[in-house]
Each structure stands twice: as C-alpha cells, then as structure tokens.
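In: Next one to model:
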Amino acid sequence: LGSWELNLVNNQLTWSDEVYRIFGLEPQEFSATYEAFLEAVHPDDRAAVDAAYSGSLREGRDSYEIEHRVVRRSSGEIRIVHEKCEHFRNEDGQIVRSAGMVHDITERKRAEEAIQHITDDLLRSNAELEQFAYVASHDLQEPLRMISSYVQLLAKRYQGKLDSDADEFIAFAVEGATRMQNLINDLLAYSRVGMRGNPFTPVSGEYLLEEALSNLQLTIQENGAQMTHDPLPVVKGDPIQLVQVFQNLLVNAIKFRGPEPPCVHMSARPAGNEWIFSVRDNGIGLDPKFAERIFTIFQRLNDRAAYPGTGIGLAVCKRIIQRHGGRIWVESQPDKGSTFYFTLPVKGTD
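Out: Okay, the predicted model is just below:
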C-alpha cells in the first residue's frame, strides 16, 4: 500500500517508495508533478483519472476514489490500482493539498476474472448438460415405447406357449423396458428442474403438504402410514417443484419402512431469513457415511427388488432446494429412522 501527497500551490508531488514500485519507476526518472503522474496512467484510463481528480476539486468534494490501470515504464507491464484521495483546505476553505493511498489490486482482479471465467464455463457446461439430458431422454421415449409395446405383445401372445426359459426371457425384457421407461421419465424430471422452473411466489407450507398427501393417498392407505405435522409456514418458492420435494421425501419415508407401520412427522422452525423443514420417519435408517451419497443421481443403497426405484428422487430434491438457495441433508442411524432437513427462504426474502 503506497501513499502520495500533492501540494496544489507549487504542483509538487511526493510519492512513497511503494508507489514508485507499483508504477515501476525510480525517483530520478520521475519529475514529481501531476502531469508526470498522468503520463504513467494507462492511456485509455487517463481521461477518467484526470476527470475524477479535477472534478473533485471543481465540485469542492472532500474525497474521491477510483480504480485504473498504470503502465510500468521499465517493462511495459500493466497493473491495476485502487486509489483513494482526500483533500485538505486552508483557513479560507480553499483546497491546497491532496493526499491519497495507492493499492495494487492486480492479483485480486486477476483472481476475480479467473473465478468469473470458471463460473461462466460451469454455468454454460451445466446448461449444455441439462439440454443434452432433456433432448436425449425425450428422443429415447419413442423407440423405447415401441420396444416396450412389442415386448408386452410377445408376453401377451406367447406366455405359456413356449418353454419356461422363453417365458423367463420375455419377463426379463418386459421388466427391463419398464425400468428404462421409469429411468427416462425421472431423468427428464431431473433435467427440467433448472430448465422449466416457475417464478418464486409466497406459498403456504400447509398447501404444499396437502397437495403431496393428496397425490400419495393410495400409497399411504396401502402401507397403513400415519402422517402427522406441526403448523407449517409460508415460504417463497416454486409451488410445483416444492410439492415434488415434499412428495419425494414422504414417499421415501414410507418406502424405506421398518417392520412397524410407517410413522412420518413433518415440522419447521425459523432460522434467520430461512425456515428449516424436517421430515422424520421410523424406517430402516442408513449408515451416516452414506449421508451425502444418497443425494447423487442414480445412487442406491438398497436392493432394487426390495425397494424399487431409480435413485433419482433425492437428487431431484437437492436440485430443487439448491435452486431455491437452500440446503438439504439427512441425519440417520441404521434401524433408528431418518430425519431429512431442508431450508427455504422466508416469505418476502430475496
């Protein structure tokens, strides 16, 4: 951090050693005037720097600050600096002296540009992947529908008319086609989270839960599940996607049940500008070492035959919650149930 001082009476400019280093000059190479300083400023920034300083004097302001480039005379290297200046007045109120600080922010600016470049690349790559997933899944629908139709036709016409191996092979084909259809549908849902979201609006947590429970009415009855909840707040978000989060978490709580009928309880508590929701169950639980893995797409911890599914549901929940600026996590122990937590912004919070 360098410092300088300009006497406006005699146009004498004084620099600290650090300012000389930043500008790449030796004291004997510098005539120590305001005009000489402007010569060291990058040509494209010179007018703005002069306007900032001269304008502050003309308008009688006490200070100003500006970022600009300088060109080192010795090497031609361009550096970026942040300058801050204060003016001092005589007894008559006239500005007679200016003093300022010079901070070389080149490395910080380069780091910011690198981070921005990486961020832009990641956003572009993510958008391209979302588009690819959507197009690929969509384009796979028709050929898969045809395969599935013909396989089911084989099963209908020739079941029991061929040998037992043929029946088994046809059953495998039907199961595989059905599973692939489910995977494609879930992959489409996953890709749509970022592409087809609705604007955020205030929405009641009670409404979200009511919609999810209505969609799961048959599943709840078949499993004898007991669903309870505390009063739920109004939040800000995409109602359609949030219903999906509620529904996916409730489905998991019912699916991964233990020997007892499922008991699921939902609640929420305030935490600053967000609400922390929780979905607690009495199911089979999971090893804490898998607490992050389960939110990865296509990751499964349990046997498909015992617990059917594609392994996308929690990944979809994570993407939706992240789109809302929140977090999602789980606390669990084997055979002791699980509690899933996620955060959503308070109504009216940007």
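In: so Lys109 touches Arg79, yeah?
Out: No - Lys109 sits out of contact with Arg79 when judged by CB atoms under 8 Å, with a separation of 9.5 Å. The way it works is simple: take the backbone N, C-alpha and C, and place the C-beta from them, glycine included.
In: list the helices and strands the worst-scoring helix or strand of the chain on mean pLDDT packs on?
Out: Considering only helices and strands, the least confidently modelled element of the chain by mean pLDDT, DSSP states H and E is helix 164-195, at a mean of 75. Contacts of helix 164-195 with other secondary structure elements, assessed using 3 or more CB pairs under 8 Å, 6 or more residues apart in numbering; DSSP states H and E, are made with helix 106-158, helix 313-323.
In: Contacts for whichever helix or strand comes after it next, please.
Out: Following the chain from helix 164-195 toward its C-terminal end, the next helix or strand by DSSP states H and E is strand 201-204. Contacts with strand 201-204, where a contact means CB atoms under 8 Å, 6 or more residues apart in numbering, come from 232-239, 242, 347-348.
In: run the last query once more with 6 Å
Out: The set of residues that contact strand 201-204 without belonging to it, under CB atoms under 6 Å, 6 or more residues apart in numbering, is 234, 236, 239, 347.
In: go on, stretch 35-53?
Out: Applying CB under 6 Å, 6+ apart, the contact partners of stretch 35-53 are 23, 30, 64, 66, 68-71.
In: pLDDT wise, what is the residue nearest to Lys84 when sequence neighbours are not counted at?
Out: Nearest residue to Lys84, sequence neighbours excluded (CB to CB, 6 or more residues apart in numbering): Glu65, at 4.2 Å. Each residue has a pLDDT score; the one for Glu65 is 92.
In: Check which helices and strands the helix or strand containing Glu65 sits against.
Out: Secondary structure assignment for Glu65, by DSSP H and E: strand 63-71. Under the contact definition 3 or more CB pairs under 6 Å, 6 or more residues apart in numbering; DSSP states H and E, strand 63-71 sits against helix 43-58, strand 78-89.
In: Which positions within it qualify as buried?
Out: Within strand 63-71, the residues that count as buried by 16 or more other CB atoms under 10 Å are 64, 66, 68-71.
In: Mind exporting the C-alpha coordinates of that strand to PDB?
Out: Taking C-alpha atoms only, strand 63-71 is exported to PDB below (Å, rounded to 0.1, in the frame of the first residue of the first chain):
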ATOM      1  CA  SER A  63     -12.500  12.900  -1.400                       C
ATOM      2  CA  TYR A  64     -12.800  10.500  -4.300                       C
ATOM      3  CA  GLU A  65     -11.700   7.000  -5.200                       C
ATOM      4  CA  ILE A  66     -11.100   5.200  -8.500                       C
ATOM      5  CA  GLU A  67      -9.700   2.000 -10.000                       C
ATOM      6  CA  HIS A  68      -7.500   2.400 -13.000                       C
ATOM      7  CA  ARG A  69      -4.500   0.900 -14.900                       C
ATOM      8  CA  VAL A  70      -0.900   2.000 -14.900                       C
ATOM      9  CA  VAL A  71       1.800   1.100 -17.300                       C
END
